[in-house]
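*Asks:* missing the sequence, but the structure's below:
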DNA sequence: GATGAATGAGCCTTCATTCAT
DNA sequence: GATGAATGAAGGCTCATTCAT
């Protein structure tokens, strides 16, 4: 993960690296455990075992289970943010290109892992009763939403489409999340490519001249 | 839904209720507790307190916590199924009417309660690691999916639309689930009507002559 | 059981019969449950189920579990006492006949049931920590011991044997109890007849002219 | 027995004991608790309190109550086996010496404690309904029984006695167990020496030239 | 830093007892 | 008398947290 490398290099001034490396190691273990056990059944021992470390070390690095889980969520949220940010920066200036980049980023094999999807799911399930989680879960990234809505508005104004940009943006966002849920709930054959195709079908419904089921229309 | 009518009210506080009435009372309490505490933090004592009954009674009627939660899920799944079944039977023969009825049913105030949405969310979060939950959660109702896909196919063949019916159906389904997730995650103002409007926006994108943001076009 | 019939007819003056009949029914069920579950795992529900009666009835008739178990022990102790009393009264006047009768009585098929042996075992296991049980268990029947010791003394004085009558009596008693324990602990083939033969082997060791492995020597 | 030497004393109250030492400490506490409370009333808290440790530690070391009790039984069975094995190895080659050693070993003050007798009793009481216990309780040590029977056979062939060796062995075994039971059930004055004398009385009945009430005849 | 034994709060579960019907 | 729902105390078990080594 680019993010973990960055985290490691950031304050690398001193031998802090082992410290952060341990943290990332434990967080990655937490993600795996959340995926396989679910939130309610995940224990610190499971995490320690998954990380190949000793039981007591988890509290040493994260002070509490509560905190470990929160940091795991923050880690995934940051990872997610960096992912679409990078994708966006690599895309062309056309809003269609940018929308395509954002939607595609959600299915980037680095992000859209079975384990990570499951872990997200776990957090969603708990978010309702935990304000701290809620702030970091999915649809609450205001920057993302504003950006996406702006891109939809540009599609309308620049490319001659019609409709309420906020609602179109929200619809596409909902489709992505719904598809993510399906990927969890539905048996294997329903993979990343079919998921992406489903989302692109939705995009094509709104912007038929710029998208089709396979993604951004190259001939647009 | 008739199933849940009037339960949890004060008058049934004590002493000898018919077996099924108590079960429903406890299940409704479980839904409320799941909504407010989340899955991981829900205890039998919470459920008993929410129902105004002793905690021993929960095990008396449900044998185990595990089982109580499973029965709660089954109860909600059945309630959900009945809800769209009824809505469908009341709709006209036109596939557009039936699709409108199905989508609207998902936002029926009886079903689409804050508590119920939260409870569903809790189960989704755990479903990944529990096959028994997974079978009953959301996108796995084969009958529903087949039906919905058939209706989309009819829209195409009867009303001159284009596209892959399976993928359109899946997209609409994903949009509904995504919107449900948003309703949980997003603060209050995002209510049932806005949620329904979002889903209808999606339907309108696929079947513009038969739907708009407010629902089924009356003049179609 | 003769004893249960007697209990039933004793105060049969009025319709007390159903009352005592129920008690005996529950006690017999308790014996079966003790035998199959052991003391620690026997519950009132088990007893009720084994008796084919309702749960609440046990407390109605016996006031408490503690009391039910005590009464069961008293019932078995009384049954045991009657058994050897009757056997003794049917035996001839010779001390050898009486000893033979007493030893044989312990393996009377009515008394020496698999269930009853197991139940006795359960009570023995608990007796150490319950004075009330201890008084009624096995070797504490003073009347029996005095009697048996007297008979051994007669064997010595009348039939020319040697030894300490108290100790011989105690040895025979111990052999009976040890054999009972073995019958519980050892797999099936070790039945009543082999058990009796073992005890008779012991008697024959002390009184060889009057006993052999098969019991009282007929030609003595 | 070396195995149990010095355990349960004050100095090992707290903090980091080698794994096995803690296990033995807890097992010894379990024996004491079984003796004073009986099987049915023994709780993990009792055991923890008796050991001066927290109750959580019991499950930490033994995983479950069930397992703690089983391990306690195994510990006592092994202790018992070692006891007679050692006694046998110290005895002379004459079968009479060896039988005397085996019978005496059963009343070795290290083994034949009030607590241990009570604990054995508790297990016997439960053994009927627990195959795992049954295998380890008393009369089922095939090696012991075979050995003992062989020694009785030697007494017959070498020293001119008569009788069925299997039955004599079983009788002596039964006497030992019966006497053990009596030691539990009967009030104090009935101590180890009287118990041993009773068993020796039995041995003397079968092998009068080699045993008397006080044990192995020295002049044989 | 790292380890894992030790602690104790909290939860699920069992079950004797009560009691309305 | 009989039934079985209801209660609540008590116990086993889990597990986050602490801490001596």
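*Replies:* In hand now; what should we look at? Only a predicted model underlies this, so the values are computations on that prediction, with no experimental measurement involved.

*Asks:* Can you classify residue A:53 as helix, strand or coil?
*Replies:* coil (DSSP: H, G, I helix; E, B strand; the rest coil).

*Asks:* typo on my end, residue A:41
*Replies:* coil.

*Asks:* Run through the residues that contact the nearest residue to it once chain neighbours are set aside.
*Replies:* In space, and not counting its chain neighbours, residue A:41 is closest to residue B:129: 6.8 Å by Cβ to Cβ, 6 or more residues apart in numbering or on different chains. For the C-beta atoms, the positions are set from N, CA and C on the backbone; glycine is no exception. Contacts for residue B:129 were tallied using Cβ atoms under 8 Å, 6 or more residues apart in numbering or on different chains; they are A:35, A:36, A:37, A:38, A:41, A:118.

*Asks:* Okay, buried residues for stretch A:197-210 please.
*Replies:* A:197, A:198, A:199, A:200, A:201, A:202, A:203, A:204, A:205, A:206, A:207, A:210 (16 or more other Cβ atoms under 10 Å in any protein chain shown).

*Asks:* Kindly report the same for stretch A:213-220.
*Replies:* A:213, A:215, A:216.

*Asks:* Looking at chain A, which residue is nearest chain C?
*Replies:* Closest residue of chain A to chain C, Cβ to the nearest Cβ: residue A:41 (29.0 Å).

*Asks:* Can you list the low-confidence ranges for chain A?
*Replies:* For chain A, the stretches flagged by pLDDT under 70 are A:1-17, A:138-140, A:187-189, A:219-220.

*Asks:* Would you mind naming what in it lies close to DNA strand E?
*Replies:* A:18, A:19, A:22, A:53, A:54, A:55, A:56, A:57, A:60, A:61 (Cβ under 7 Å from any atom of the strand).

*Asks:* Please report how far the first one lies from residue A:72.
*Replies:* Meaning residue A:18. Distance of residue A:18 to residue A:72, computed by Cβ to Cβ, to the nearest Å: 19 Å.

*Asks:* These two - which one has more neighbours?
*Replies:* Neighbours were counted for residue A:18 and for residue A:72 using other Cβ atoms under 10 Å in any protein chain shown; residue A:72 has more, 23 against 9.

*Asks:* list the contacts for the more buried one?
*Replies:* Residue A:72 neighbours (Cβ under 8 Å, 6+ apart): A:27, A:30, A:31, A:34, A:119.

*Asks:* The second one contacts residue A:43, correct?
*Replies:* No. Between residue A:30 and residue A:43 there is no contact, the gap being 10.8 Å when judged by Cβ atoms under 8 Å.

*Asks:* out of these two, which sits in the busier spot?
*Replies:* Neighbour count, other Cβ under 10 Å: between residue A:30 and residue A:43, residue A:30 has more, with 27 against 13.

*Asks:* how about stretch A:75-82, does it reach chain B?
*Replies:* No. Under the criterion of Cβ under 8 Å from any Cβ of the partner chain, stretch A:75-82 makes no contact with chain B; the nearest approach is 12.8 Å.

*Asks:* one step back: in ChimeraX, select just the buried ones from the residues of chain A next to DNA strand E.
*Replies:* Here is the ChimeraX command that picks out the buried ones among the residues of chain A next to DNA strand E, judged by 16+ other Cβ under 10 Å:
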select /A:22,53,57,61
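
*Asks:* Closest one to DNA strand F out of the residues of chain A next to DNA strand E, please.
*Replies:* Among the residues of chain A next to DNA strand E, residue A:56 lies closest to DNA strand F (Cβ to the nearest atom of the strand), at 3.8 Å.

*Asks:* list the contacts for whatever residue of chain A ends up closest to chain B?
*Replies:* Closest to chain B within chain A is residue A:125: 1.6 Å, counting by Cβ to the nearest Cβ. When contacts are counted by Cβ under 8 Å, 6+ apart, residue A:125 touches A:39, B:38, B:39, B:121, B:122, B:123, B:124, B:125, B:126.

*Asks:* So the helix or strand that contains it, near DNA strand F or not?
*Replies:* Element membership for residue A:125, per DSSP states H and E: helix A:114-127. No. Judged by Cβ under 7 Å from any atom of the strand, helix A:114-127 and DNA strand F are separated, with a smallest distance of 13.5 Å.

*Asks:* Measure how that helix sits relative to helix B:114-127, angle-wise.
*Replies:* 150 degrees (axes from the mean of the first three to the mean of the last three Cα atoms, to 10 degrees).

*Asks:* What about residue A:164, how many residues nearby?
*Replies:* Around residue A:164 there are 17 other residues, counting by other Cβ under 10 Å.

*Asks:* Oops, could you answer that again for residue A:32 instead?
*Replies:* 20.

*Asks:* Okay, and it sits in which element?
*Replies:* Per DSSP H and E: helix A:16-37 holds residue A:32.

*Asks:* just checking, what packs against that helix?
*Replies:* Packing partners of helix A:16-37 (3 or more Cβ pairs under 8 Å, 6 or more residues apart in numbering or on different chains; DSSP states H and E): helix A:2-10, helix A:44-51, helix A:57-62, helix A:65-90, helix A:114-127.

*Asks:* go with 6 Å
*Replies:* The contact analysis (3 or more Cβ pairs under 6 Å, 6 or more residues apart in numbering or on different chains; DSSP states H and E) places helix A:16-37 against helix A:2-10, helix A:44-51, helix A:65-90, helix A:114-127.

*Asks:* contacting residues for residue A:55?
*Replies:* Residue A:55 makes contact with A:45, A:48, according to Cβ atoms under 6 Å, 6 or more residues apart in numbering or on different chains.

*Asks:* wait, what's in contact with the residue nearest to residue A:46 when sequence neighbours are not counted?
*Replies:* Spatial nearest neighbour of residue A:46, chain neighbours left out: residue A:33 (4.6 Å); criterion: Cβ to Cβ, 6+ apart. Listed by Cβ under 6 Å, 6+ apart, the contact partners of residue A:33 are A:42, A:46, A:47, A:50.

*Asks:* And residue A:106, by the same measure?
*Replies:* Contact analysis of residue A:106 by Cβ under 6 Å, 6+ apart lists residue A:176.

*Asks:* Next, residue A:214: phi, psi?
*Replies:* Main-chain dihedrals, residue A:214, degrees, to the nearest 10: phi -90, psi 0.

*Asks:* Ok, residue A:211 next?
*Replies:* Backbone torsions for residue A:211, taken as degrees, to the nearest 10, come to phi -130, psi 150.

*Asks:* Distance-wise, check it relative to residue A:161.
*Replies:* Distance, residue A:211 to residue A:161, by Cβ to Cβ: 11 Å.

*Asks:* Between those two, tell me which one has more neighbours.
*Replies:* Counted by other Cβ under 10 Å, residue A:211 and residue A:161 do not tie: residue A:211 has more neighbours, with 24 against 18.

*Asks:* Can you spell out which residues form a bridge with the more buried one?
*Replies:* Residue A:211 has these beta-bridge partners by DSSP bridges: residue A:216.

*Asks:* How about the contacts made by it?
*Replies:* With contacts defined as Cβ under 6 Å, 6+ apart, the neighbours of residue A:211 are A:200, A:203, A:204.

*Asks:* Would you mind putting these into a markdown table with secondary structure and distance to residue C:102 alongside?
*Replies:* Output for the contacts of residue A:211, formatted as a markdown table (DSSP: H, G, I helix; E, B strand; the rest coil; distance: Cβ to Cβ, whole Å):
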| residue | secondary structure | distance to residue C:102 |
| --- | --- | --- |
| A:200 | helix | 95 |
| A:203 | helix | 97 |
| A:204 | helix | 99 |
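
*Asks:* what residue lies at the spatial centre of chain A?
*Replies:* Nearest to the mean C-alpha position of chain A, by Cα atoms, centre = their mean, lies residue A:80 at 4.1 Å.
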